[in-house]
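Asker: Any chance you can model this:
(one chain, ligands or ions: 1)
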Amino acid sequence: MKTVYVDNNATTRTAPEVVEAMMPYFTELYGNPSSMHFFGGQVAEELRQARAKIAELIGADPDEIVYTSCGTESDNTAIWATLRSYPQKKHIIATRVEHPAINSMSNYLRENGYRVTDISVDREGRLDVGRIKEAISEDTAIISVMWANNETGVIFPVEEIAELAASRGVVFHTDAVQAVGKIPIDLKKTEIDLLSLSGHKLHAPKGIGVLYVKKGTKFKPYIIGGHQEKGRRGGTENVPYIIGLGKAAEMALGSLEDKNTRIRALRDKLEQSLIDSIPNTMINGDVQNRLPNTSSVSFEFVEGEAILIHLSNLGICASSGSACTSGSLEPSHVLRAMGVPFTAAHGSIRFSLSSYSTEEEVDYILEHVPNIIQKLRSISPFWKDGKPIESSLLTGTTSIGAGSR
Ligand code: PLP
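Answerer: Residues are numbered from 1 along each chain as shown. Have a look, this model is predicted:
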């Protein structure tokens, strides 16, 4: 069975060029970059070069790059390091659509004496900066807003929010795990203090991340240990993975524009054909302002998990917007925050493409999805005789026009 992988916001294939670049650091160049001898020294030099490549991808200075183990560690560190630096401040601002790496952290803080304001989004998944402005108070330590949402791909105005935060003396962090390598980022032009990225979302391996720390930002480390990363993160560096991330950053920068034009065209073809061929299908999120690779599609009146199983049986790997928690199917917190009706939120699928995606793969998906939806609707309690049952019978729903985007 062939594999059609369209779950690149979950993780990406490690590029063969990246694997090749990493290999010598497992076998021959295994020195510790902190060692005094030449053997460690040559590794330290390679790490320096990788740091410069990663910095270039996001328009940072190499000294502003701190290696971590993943996006989650970068996010957690951003919050902890700031709260430790401003112990008198007990308020943080985030959004309702952050990844659990921020959201679960916020919940933990809420239970431990902090005040957290979660800003909501509108029906298109957009954020009103005015609401963040209103929420800032004397004891706000940090504002954390993701650069792009992992489920819908909606891009947030983080540069504008960073300026607002700077004008009020508040630290600004952005979780850019889904944005880096997909859209141009130039931090030199922004007031962003802290930024998280994760290697495995841009064709480097799982288990390597970065926290960008703008020069001059107060920062008390989260992982306390040796002098590595200029005392900002203890622990011997994960040399092969850092080399891999450097290579992935170089590749992402070199091909960003061409790659995105191609991926966007494939994504748009996928969406348009799904809408044209399947009634009661809608695209979630602001279609004008999204990552080029991401599509959150709702097929009303069917279960996302059932769609995924059918897709998986055909070799198609996508993901669902709902999470099965303690036996009950909960629609995703992102779609709930957007106010997507439950009959649509439950039937949501995220397709996320990469530079390895092909037109042939999109055609394969398009060949099968209409049949799957038809089959599932034929056994749906909300669907009868080729159309939804009267919306007045569906509590908690609003009717959505077929083909709405
Ligand atoms: N933030 C966002 C927006 C993500 O999409 C993810 C991963 O899916 C993370 C953080 C966590 O990254 P990692 O898996 O490297 O911990």
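Asker: Near the ligand, which residues of the stretch 51-200 of the chain? Just list them.
Answerer: With the criterion set to C-beta under 6 Å from any ligand atom, the stretch 51-200 of the chain comes near the ligand through 70-72, 75, 99, 101, 146, 150, 175, 177-178, 198, 200. Just so you know, the C-beta spots here come from the backbone N, C-alpha and C atoms, and that holds for glycine as well.
Asker: Which ones among those residues map onto helices?
Answerer: Within those, residues falling in helices by DSSP state H are 71-72, 75, 101.
Asker: Between those, which sits nearest the ligand?
Answerer: Nearest to the ligand, judged by C-beta to the nearest ligand atom, of these is G71 at 2.6 Å.
Asker: How about the contacts made by the closest one?
Answerer: 99, 101, 175, 177, 196-198, 201, 209 (C-beta atoms under 8 Å, 6 or more residues apart in numbering).
Asker: quick revisit: looking at the residues of the stretch 51-200 of the chain next to the ligand, which one is closest to I161?
Answerer: I161 has its nearest neighbour among these in M146, at 10.8 Å by C-beta to C-beta.
Asker: what's the closest one sitting at in phi/psi?
Answerer: phi -70, psi 150 (degrees, to the nearest 10).
Asker: In this protein, where is pLDDT below threshold?
Answerer: 321-329, 391-405 (pLDDT under 70).
Asker: Any part of the biggest helix by length in it near the ligand?
Answerer: Taking DSSP H as the criterion, the chain has its longest helix at helix 239-277. No. Counting by C-beta under 6 Å from any ligand atom, no contacts exist between helix 239-277 and the ligand, the nearest distance being 11.5 Å.
Asker: could I have stretch 103-120 exported to CSV, CA atoms only?
Answerer: Output of stretch 103-120 as CSV, limited to C-alpha atoms (Å, rounded to 0.1, in the frame of the first residue of the first chain):
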residue,chain,number,x,y,z
ASN,A,103,-2.1,26.1,27.4
SER,A,104,-1.3,23.3,29.9
MET,A,105,1.4,25.5,31.3
SER,A,106,-1.1,28.3,31.7
ASN,A,107,-3.5,25.9,33.5
TYR,A,108,-0.7,24.8,35.8
LEU,A,109,0.1,28.4,36.6
ARG,A,110,-3.5,29.2,37.2
GLU,A,111,-3.6,26.5,39.8
ASN,A,112,-0.5,27.9,41.4
GLY,A,113,-1.3,31.4,42.2
TYR,A,114,-1.0,33.2,38.9
ARG,A,115,-3.7,35.0,37.0
VAL,A,116,-4.0,34.0,33.3
THR,A,117,-6.1,35.8,30.7
ASP,A,118,-6.9,33.7,27.6
ILE,A,119,-7.9,35.9,24.7
SER,A,120,-10.5,34.3,22.4
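Asker: For that stretch, buried residues please.
Answerer: 103, 105-106, 109, 114, 116-119 (16 or more other C-beta atoms under 10 Å).
Asker: That one: how far from the chain's middle?
Answerer: When C-alpha coordinates are averaged (C-alpha atoms, centre = their mean, to the nearest Å), stretch 103-120 and its chain have centres 20 Å apart.
Asker: need the contact list for the closest residue to H37 other than its chain neighbours.
Answerer: Distances taken as C-beta to C-beta, 6 or more residues apart in numbering put G31 closest to H37, at 7.5 Å, once the chain neighbours are dropped. If you count contacts by C-beta under 8 Å, 6+ apart, G31 has them with 37, 39-43.
Asker: can you map out the helices along the stretch 101-250 of the chain?
Answerer: Listed in chain order, the helices of the stretch 101-250 of the chain (DSSP state H, counting those that start in this stretch) span 129-135, 158-167, 239-277.
Asker: export those to TSV and tack on mean neighbour count and distance to R377?
Answerer: Output for the helices of the stretch 101-250 of the chain, formatted as TSV (neighbours: other C-beta atoms under 10 Å; distance: least, C-beta to C-beta, whole Å):
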stretch	mean neighbour count	distance to R377
helix 129-135	15	38
helix 158-167	20	39
helix 239-277	19	13
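Asker: Surely A204 and K247 touch.
Answerer: Yes. In this structure A204 lies within contact range of K247 using C-beta atoms under 8 Å: 7.5 Å.
Asker: Name the residues contacting each of these two.
Answerer: What both A204 and K247 touch, as defined by C-beta under 8 Å, 6+ apart, is the set 15, 18.
Asker: Backbone dihedrals for the most centrally placed residue in the chain, please?
Answerer: Nearest to the mean C-alpha position of the chain, by C-alpha atoms, centre = their mean, lies Q178 at 3.2 Å. As for Q178, its main-chain torsions (degrees, to the nearest 10) stand at phi -90, psi -10.
Asker: for the one 4 residues further on, same thing?
Answerer: In terms of degrees, to the nearest 10, the main-chain angles of K182 are phi -110, psi -30.
Asker: neighbours of it, just the number please.
Answerer: K182: 27 surrounding residues under other C-beta atoms under 10 Å.
Asker: Once you drop chain neighbours, what's closest to it?
Answerer: L291 (5.1 Å).
Asker: Touching, the one you found and F156? I think so.
Answerer: No. In this structure L291 lies outside contact range of F156 using C-beta under 8 Å: 11.4 Å.
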